[in-house]
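In: How does the following fold in three dimensions:
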Amino acid sequence: MDINLSDVHAEVCAAFARYEDALVHNRVEVLDELFWDSAHTIRYGAAENLYGIEEIRAFRQSRPAAGLARTLRRTVITTSGRDSATAMTEFVREGGNKIGRQSQTWVRLPQGWRVVAAHVSLIPA
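Out: Presented below is the predicted three-dimensional model:
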């Protein structure tokens with residue numbers, strides 16, 4: 001298996017950057033686009049467990065749009081072959097006292113790169 005093929009890695013990095021921009025600017029339609037449109041998609045959040053794209057969409061629609069800015073650190077994106085990848089990052093929010101951790105599994109689908117599973121957790125700083 002080929003790990004971090006340069007062209008594939010660049011594609012996933014771009015998709016991840018697009019996701020991050022949509023997240024901090026509350027572009028719900030882009031976030032929705034970048035998650036796999038499937039009942040099999042899972043997102044475990046800091047305070048919620050979401051099963052399927054419909055639960056994820058409902059969460060995104062009801063989430064407050066303020067206080068979303070954050071700084072990423074220690075981001076590691078690893079591709080496996082041409083069609084799968086993981087993206088792991090830590091994040092901090094200004095004035096916050098917690099470190100966030102985010103992991104995503106990305107898969108290349110006919111529509112492009114999509115998150116099929118995600119997990120967000122917080123730990124004390």
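In: Where do the helices of this protein begin and end?
Out: In the chain, the helices defined using DSSP state H lie at 6-24, 28-34, 53-62.
In: So which of those is nearest A87?
Out: helix 6-24 (4.9 Å; C-beta to C-beta). Every C-beta, even on glycine, is put in place using the N, C-alpha and C of the backbone.
In: Nearest to E90, out of the helices of the chain?
Out: helix 6-24 (12.8 Å).
In: quick one on the thing from earlier: so for G100, which of the helices of the chain sits nearest?
Out: Short answer: helix 6-24, nearest of the helices of the chain by C-beta to C-beta, at 11.3 Å.
In: average model confidence for that closest one?
Out: Here helix 6-24 scores 98 as its mean pLDDT.
In: Just the C-alpha atoms of it, please, in CSV.
Out: Extracted in CSV, the C-alpha atoms of helix 6-24 (Å, rounded to 0.1, in the frame of the first residue of the first chain):
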residue,chain,number,x,y,z
SER,A,6,1.9,13.4,-3.1
ASP,A,7,-1.1,14.0,-5.4
VAL,A,8,-3.5,12.2,-3.1
HIS,A,9,-2.1,13.9,0.0
ALA,A,10,-2.5,17.3,-1.6
GLU,A,11,-6.1,16.5,-2.5
VAL,A,12,-7.0,15.5,1.1
CYS,A,13,-5.1,18.5,2.6
ALA,A,14,-7.2,20.7,0.3
ALA,A,15,-10.5,19.0,1.4
PHE,A,16,-9.5,19.3,5.0
ALA,A,17,-8.7,23.0,4.6
ARG,A,18,-12.0,23.5,3.0
TYR,A,19,-13.7,21.7,5.8
GLU,A,20,-11.9,23.8,8.4
ASP,A,21,-12.8,27.1,6.7
ALA,A,22,-16.4,26.0,6.5
LEU,A,23,-16.4,25.0,10.2
VAL,A,24,-15.1,28.3,11.6
